[in-house]
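K.L.:
Structure for this input, please:
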Amino acid sequence: MRSQYIWSIIFFFPLLLFQTTILPIIAIKGIVPDLIVILLVFYSMRLGQLTGTVLGFVYGFFFDVITGSLLGTTMLSLTIAGFVAGYFSNENKRDLYFNNYTFVLIVAICSIINSGFNSFFASIDLNTNIMKLLLNQGILPSLYTALVSVLVVVFYPKRSFD
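P.N.:
I've put the predicted structure just below:
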């Protein structure tokens with residue numbers, strides 16, 4: 001069980017490197033998918049709500065420190081997203097969630113939460129239209145993230161590897 005925690009942290013760093021260097025190249029009008037949220041939702045649904053909350057905090061802290069963004073914004077948004085994703089952690093329905101498109105819906109919900117909080121706290125400006133901000137930095141990136149999370153559903157093994 002402890003190895004799963006370690007593996008989740010180990011997978012985070014190459015994913016963060018990929019997210020910050022390669023993904024901006026394939027951005028659609030400046031909108032990139034958030035692979036960190038997909039990883040967080042995956043481990044939150046597998047390991048539970050408490051683990052998802054702690055992993056969200058750790059991922060957010062490392063993201064803020066490594067990328068140099070405002071310390072605490074990503075930490076708060078990923079902690080809340082990990083907490084929400086942990087609600088869907090059910091040992092009896094795990095294969096059902098990962099083998100159909102319920103996982104994509106959960107990723108979309110958590111990504112809207114993450115992007116919404118992140119855009120609200122990081123991009124506060126009195127001259128910005130709040131609805132335009134939530135659409136461009138909240139809803140559109142979360143839809144793109146949900147679209148990319150279809151790959152997890154497609155490539156998730158049909159038998160459990162616990």
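
K.L.:
list the buried ones in stretch 106-122?
P.N.:
106-120 (16 or more other Cβ atoms under 10 Å). Glycine gets a C-beta too; all of them are placed from N, C-alpha and C.

K.L.:
ignore the last one, stretch 44-55
P.N.:
44-49, 51-55.

K.L.:
closest to Pro14 among those residues?
P.N.:
Proximity of the buried residues of stretch 44-55 to Pro14 was ranked by Cβ to Cβ; the top entry is Leu55 with 15.9 Å.

K.L.:
The residue nearest the centre of the chain in helix, strand or coil?
P.N.:
What sits nearest the mean C-alpha location of the chain, by Cα atoms, centre = their mean, is Val37, with 0.8 Å. Following DSSP: H, G, I helix; E, B strand; the rest coil, we place Val37 in the helix state.

K.L.:
distance of Phe13 from Ile130?
P.N.:
34 Å (Cβ to Cβ, to the nearest Å).

K.L.:
do Thr51 as well
P.N.:
33 Å.

K.L.:
ditto for Arg46
P.N.:
When Arg46 is compared with Ile130 (using Cβ to Cβ), they lie 35 Å apart.

K.L.:
Surely Ser44 is in contact with Phe57?
P.N.:
No: taking contacts as Cβ atoms under 8 Å, Ser44 lies outside contact range of Phe57: 11.9 Å.

K.L.:
so what sits against both of those two?
P.N.:
Gly82 (Cβ atoms under 8 Å, 6 or more residues apart in numbering).

K.L.:
With adjacent residues omitted, what lies nearest to the residue nearest to the centre of the chain?
P.N.:
Spatially, and ignoring its direct neighbours in sequence, Val37 is nearest to Ser111 (4.9 Å; Cβ to Cβ, 6 or more residues apart in numbering).

K.L.:
Show me where the protein dips below the pLDDT cut-off.
P.N.:
For the chain, applying pLDDT under 70 flags the ranges 1, 122-128, 158-162.
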